[in-house]
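[1] Got a sequence here, can you build the structure:
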Amino acid sequence: MSTRRTILVAALCATTPILAQAQEMKPARLLQIGFEQVKFGKNDAHERNESGWPVAFAAAKSPYYWFALVPMTGGADVLYISGYQSYEELARSQEFTEKAAGLTAKVSALFEKDAEYVNVGRGITARTRDDLSTGAAPDFPNIHGWRVTTYRIRIGQADEFAEARKLIKAASEKAGLTGTRGVFQVTNGVNTPTFMVFRPFKSIAEFDADSAMNATVRAQYAPGDFEKMEKLQEGAILTSESNIYMVSPKQSYLPPSFASIDHWKSNPVFAAAARKSAVIQAGAAKESKKP
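    Numbers count the residues shown, from 1 in each chain. Okay, here's the model as predicted:
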């Protein structure tokens with residue numbers, strides 16, 4: 001992941017209240033998100049090279065994890081998301097990467113190879129906006145993907161956008177909406193005010209209920225608040241884009257607790273551990289059959 005050369009080796013990238021960090025998988029306060037635009041026809045080769053990243057970090061026993069997300073809609077950018085509780089923790093992750101024996105050399109080799117498969121890479125940081133987010137932290141191991149909506153805001157209109165989101169949050173909570181909508185405000189890496197809303201899902205079939213859900217939420221607005229929300233958003237939002245991303249087990253680096261979940265078993269670290277365990281078990285079974 002070439003962006004992680006600048007964000008991870010020279011800083012790290014990837015997670016959210018969608019995505020979390022460390023063994024506890026706490027909802028993140030701060031995100032690093034790397035974007036890699038994969039060359040046409042190079043997805044499989046890119047994925048094979050990227051699978052070397054989790055192997056390298058597992059060998060170094062890194063406690064800093066990330067999710068990789070591949071686009072189902074909306075272009076060729078693969079996202080690598082890491083979450084932290086603070087900039088201090090992010091700095092510790094950088095220090096770990098720099099000091100872990102042999103890790104920098106492995107990352108350098110992966111980065112150089114990645115140049116064959118990636119057109120361009122970039123990175124951003126974003127902070128959580130709990131005052132705008134709804135729902136509890138999701139069941140991370142069982143999440144299959146996220147819908148990510150990016151709002152680019154007119155200069156000087158961030159407060160108006162936040163006010164609109166607060167009205168949406170109030171109506172959603174009154175309607176009993178339980179699904180997570182994690183809102184983050186981008187703090188570095190963009191030239192216009194930007195917010196990102198992350199919605200995790202276990203199946204894309206969940207989107208079939210959106211129309212009914214939206215109607216239920218709309219009915220819970222106080223008189224005049226729905227129209228106020230629309231006016232605030234109309235004045236604040238420059239552009240918006242919503243895309244669906246699926247998790248990529250082969251490119252993610254995850255806590256050991258994820259290994260028991262079926263859709264993560266192709267992760268190269270988990271797969272290697274499973275093969276080793278099978279060999280050991282086969283050997284033990286063979287020994288037990290000896291007279």
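[2] Could you give the separation of stretch 36-43 from the chain centroid?
    How far stretch 36-43 lies from its chain's middle: 19 Å, per C-alpha atoms, centre = their mean, to the nearest Å.
[3] got a list of what Arg129 touches?
    Arg129 makes contacts with Ala162, Arg165, Val183, Phe184, Gln185, Phe195, as judged by C-beta atoms under 8 Å, 6 or more residues apart in numbering. C-beta coordinates here come from the backbone N, C-alpha and C atoms, glycine included.
[4] so how many other residues sit close to the second one?
    Burial of Arg165, expressed as a neighbour count using other C-beta atoms under 10 Å, amounts to 24.
[5] re earlier: most neighbours of all the contacts of Arg129, which one?
    Among the contacts of Arg129, Phe184 has the most neighbours (other C-beta under 10 Å), with 27 neighbours.
[6] residues touching that one, list them.
    Thr16, Leu31, Ala126, Arg127, Thr128, Arg129, Phe195, Met196, Val197, Phe198.
[7] which element is it on?
    Using DSSP states H and E, Phe184 sits within strand 182-188.
[8] swap in Leu238?
    If you go by DSSP H and E, Leu238 is part of strand 237-247.
[9] next one: Val55
    Counting by DSSP H and E, Val55 is found in helix 52-59.
[10] Give me the angle between the helix or strand that that helix is followed by and strand 237-247.
    The helix or strand immediately downstream of helix 52-59 is strand 67-71, counting by DSSP H and E. Using axes from the mean of the first three to the mean of the last three C-alpha atoms, to 10 degrees, one finds that strand 67-71 and strand 237-247 are set 110 degrees apart in direction.
[11] partner strands of strand 67-71, parallel or antiparallel?
    Strand 67-71 has its sheet partners listed here by DSSP bridges as strand 77-84 (antiparallel), strand 237-247 (antiparallel).
[12] I'd like the average pLDDT over whichever helix or strand comes after the shortest one.
    Scanning the chain past strand 77-84 towards its C-terminal end, the next helix or strand to appear is helix 87-99 (assignment: DSSP H and E). Within the predicted structure, the mean pLDDT of helix 87-99 is 93.
[13] Buried residues, helix 87-99. List them.
    For helix 87-99, the buried set under the neighbour-count rule, 16 or more other C-beta atoms under 10 Å, comprises Glu89, Leu90, Ser93, Gln94, Phe96, Thr97.
[14] picking that back up, tabulate the CA atom coordinates of the strand holding Leu238 in CSV.
    Output in CSV follows, covering the C-alpha atoms of strand 237-247 (Å, rounded to 0.1, in the frame of the first residue of the first chain):
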residue,chain,number,x,y,z
ILE,A,237,-22.9,21.1,0.8
LEU,A,238,-20.7,21.7,-2.2
THR,A,239,-20.7,18.1,-3.4
SER,A,240,-21.6,14.7,-1.9
GLU,A,241,-20.7,11.2,-3.0
SER,A,242,-21.8,7.9,-1.5
ASN,A,243,-20.1,4.6,-2.3
ILE,A,244,-20.2,1.0,-1.1
TYR,A,245,-17.0,-0.8,0.0
MET,A,246,-16.5,-4.4,0.9
VAL,A,247,-13.9,-5.6,3.4
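[15] Between its first and last residues, what's the separation in stretch 168-182?
    In stretch 168-182, first residue to last residue: 13 Å (C-alpha to C-alpha, to the nearest Å).
[16] For that stretch, give me every contacting residue.
    With contact meaning C-beta under 8 Å, 6+ apart, stretch 168-182 is reached by 16-18, 27, 128, 131-138, 197-200, 206, 213, 216-222, 225-226, 229.
[17] buried stuff in whichever strand or helix holds Glu173?
    For Glu173, the host element (DSSP H and E) is helix 158-174. Neighbour-count burial for helix 158-174, with 16+ other C-beta under 10 Å as criterion, is recorded at Ala158, Glu160, Phe161, Ala162, Ala164, Arg165, Leu167, Ile168, Lys169, Ala170, Ala171, Ser172.
[18] again with stretch 203-214
    By 16+ other C-beta under 10 Å, the buried positions in stretch 203-214 come out as Met213.
[19] how far is that stretch from where the chain is centred?
    Using C-alpha atoms, centre = their mean, the offset of stretch 203-214 from its chain centre is 21 Å.
[20] Mean pLDDT per helix and strand in the chain: which one sits at the bottom?
    One helix or strand of the chain scores below all others by mean pLDDT, DSSP states H and E: strand 20-21, with a mean of 42.
[21] List the residue ranges of the stretch 151-291 of the chain that fall below the pLDDT cut-off.
    Counting by pLDDT under 70, the ranges of the stretch 151-291 of the chain that qualify are 281-287, 289-291.
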